[in-house]
Structures are given as C-alpha cells and as structure tokens.
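Peer 1: everything below, folded, please.
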Amino acid sequence: MACTKPPSPPVQTSSMSWKTAAFALAGLLGRALGSPLNTSPASPLLARQSSSTFSNPILWEDLPDLDVFRVGDVFYYSSSTFSYSPGAPVHKSYDLVNWTPVTHSVPRLDFENRYNLNSATDRAYVKGIWASTLRYRKSNDAFYWIGCIQSTGKTYVYTSAGSGAGANNGEVSKWDWKRSGTINRCYYDCGLLIDDDDTMYVAYGGTNIQVAQLSKDGFSEVRTQQVYASPAFIEGSHMYKINGYYWIVPTKVASGEWVLRSRSPWGPYEQRVLFDNVPGPLSNAGWAHQGGMVETKDGKWHYIAFLDAYPGGRIPVMAPLTWSSDGW
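Peer 2: Prediction:
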C-alpha cells in the first residue's frame, strides 16, 4: 500500500498473462453497501446466474487490497476499510460479476483506546484494516480472517463458524465473527494458504517476503522464515497451492504483479512477472495491481485486482488467466 513506485528490477516475464476482457453486459454493478450484515438471506440482487461476458470495473466501489476465493458454488471477496468500523467487508458472488455484501470479518475496531479518536494527537485514524486475508477451512467448518493492525504491530485472527459451508456448496446462513487469536508479529499484507494436509501457512511482508506456519488451531505461530528477497519493493502477497507448487503472488506496487513458485512453502522460489504497466480499462485510472487468482468449478482461472481511480477509490477489475505448457 505504499505510494512510491519502485524501479523495475531485471526479472523474467511469465507467459501466464493478464488479458483485457471482452467488455459487454455488466449486470448489477452499483449498489449501496448498507448496514453490516450477519446473515446471508436469499436476495434478488444475487440470483444465481452465469455471465460469460462482463465489463470492467466489475464493481464501482472502493474495495481495495482484495482477497478472493471459492467455496463450492460461492465466491467470496474480502477487502480493506482503513478508518471504518466494522472492518474487512466480505462480498459473495456466484459468477465473479454480480456481488453483494454479506458480513464484516472484524466487528469493531477495538484494538486500542486510540481507535475512539479521542483527539487530534490521540487517535489511530486510518490504522484499521489494511491488506488482509480470508479463507474457509473445511476440517473445522470455519472462516479465518487474518490481518496486521498497524498501530499495534500485531496480527489478529478472527473466526466465524461456517454453517456447514463445505458440505453446502459454500452457503453460509449466519456469521458469528469473534477474535480468536493474537500473534505478536505483524503479518504485513498477508495471504493465507490451507494446505492439502490442513497445515496453515501465511505469506507476508514488504520486499523481503516471509512465510509463517500457524498452530493446528490457526491462532498462533509455530515458525516463520524469509523465503524471498526482492530487488524492488513488493507487497500484497497471496499464497496458493496449485498443481503441486506453492505460489506466492505479490504486487509490484501500483503497476504490476509478480509470481513466485516453489515445490516447498519454505522455498527456494523462482520468480517471474505476471504483468507490468498494462493499460487498464479506464483511461483516467492507474494500472491494475495487488490482485488475487481464483479458479471456477469448471477449471477456468481469473485474476481480480484493483485500479486507483480518484476520486472513486480503488475499484476492482477482472481478466482471465491462462497457463503455459511449462506450468507458468
């Protein structure tokens, strides 16, 4: 989330490429966020539909630092809120195009008294939810939100029961978020991976990327280690396990996306460029960056990122991803 643009380092370019989508029917793009929600009732705003074409931005809303994933039929999208309470809003979709808000992972910004904004010198304004991560863990039917809170330098773990989402095609009937753990380390701009054996890993950091292994309950740290040192400033890591490889996907700040790949969560990691300085769909906005990858049920992959589009905020855009014959 830094504002300065780093110099371009000597790096390889990947054939897994960001593509401009075919812009057509958008569907329901603009809505009021409304009040924080703790239930997921059926809604005419989110009828089950499948959009083969779409237009960018997919949402005309300020939803930065996203993390996106799928549980069964349902896609979930988590984002930053900085100064707002409740924090870390979550949206759901059935087609990656039509989204509706369903809950907030952080019910209150109550980390310190300074969040009451007592005075101009005693406040934690804009020190709320920065880039964070959200995933569903099937083994204990729980959603995990993990994020570093800048004013404390600590990482907090919030959980909600999943209402049987793993066995119910991703549907959640009720959310009950609570703070479940505190880690005395800042997992800056983190991404959570739940491995095939149910081990939980978190990739995090700026420039020097770290990976932490969490305890069995996910509430504390077992170990952490640096796995990659970048020649330029990168942040916003997401972590995945795809085709036997561990992937860390950080952003080259404000203009592009990198990909790191290894056979072990602890490295060594190979690095390539997913894209850099690719013009976005809005002529008066910035480049797409700090995005995440998600797979549909039929095996297709998409990349969702955001554009800096003053004064509208950082708004999400989407493009298909393809894979090369050598797995990049």
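Peer 1: quickly find the element holding the closest residue to residue 133 other than its chain neighbours.
Peer 2: Closest residue to residue 133 apart from its sequence neighbours, by Cβ to Cβ, 6 or more residues apart in numbering: residue 192 at 4.2 Å. For the C-beta atoms, the positions are set from N, CA and C on the backbone; glycine is no exception. Following DSSP states H and E, the helix or strand that holds residue 192 is strand 191-194.
Peer 1: that strand: how far from the chain's middle?
Peer 2: Here strand 191-194 is found 10 Å from its chain centre; the criterion is Cα atoms, centre = their mean, to the nearest Å.
Peer 1: with only the CA atoms kept, save that strand in PDB.
Peer 2: Only the C-alpha atoms of strand 191-194 are listed here, as PDB (Å, rounded to 0.1, in the frame of the first residue of the first chain):
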ATOM      1  CA  GLY A 191      -2.100 -14.200   2.300                       C
ATOM      2  CA  LEU A 192      -3.300 -17.400   3.900                       C
ATOM      3  CA  LEU A 193      -2.900 -20.900   2.400                       C
ATOM      4  CA  ILE A 194      -4.600 -24.000   3.900                       C
END
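Peer 1: which SSE is immediately downstream of it?
Peer 2: strand 200-204.
Peer 1: relative to residue 56, how far out is the residue nearest to residue 133?
Peer 2: Going from residue 192 to residue 56 by Cβ to Cβ, to the nearest Å gives 27 Å.
Peer 1: okay, these two: which has more neighbours?
Peer 2: residue 192 (27 against 20; other Cβ atoms under 10 Å).
Peer 1: ok, that one to residue 118 distance?
Peer 2: Distance from residue 192 to residue 118, by Cβ to Cβ: 33 Å.
Peer 1: residue 160 too?
Peer 2: In terms of Cβ to Cβ, residue 160 sits 30 Å off from residue 118.
Peer 1: residue 282 too?
Peer 2: Residue 282 is 39 Å from residue 118, by Cβ to Cβ.
Peer 1: mean confidence (pLDDT) on stretch 307-322, please.
Peer 2: The average pLDDT for stretch 307-322 rounds to 91.
Peer 1: list the buried residues for that stretch?
Peer 2: For stretch 307-322, burial by neighbour count (16 or more other Cβ atoms under 10 Å) applies to 307, 308, 309, 314, 315, 316, 317, 318, 319, 321.
Peer 1: the stretch 1-150 of the chain: strands as residue ranges?
Peer 2: Under the criterion DSSP state E, counting those that start in this stretch, the stretch 1-150 of the chain carries strands at the ranges 67-71, 74-78, 87-93, 99-106, 133-137, 142-149.
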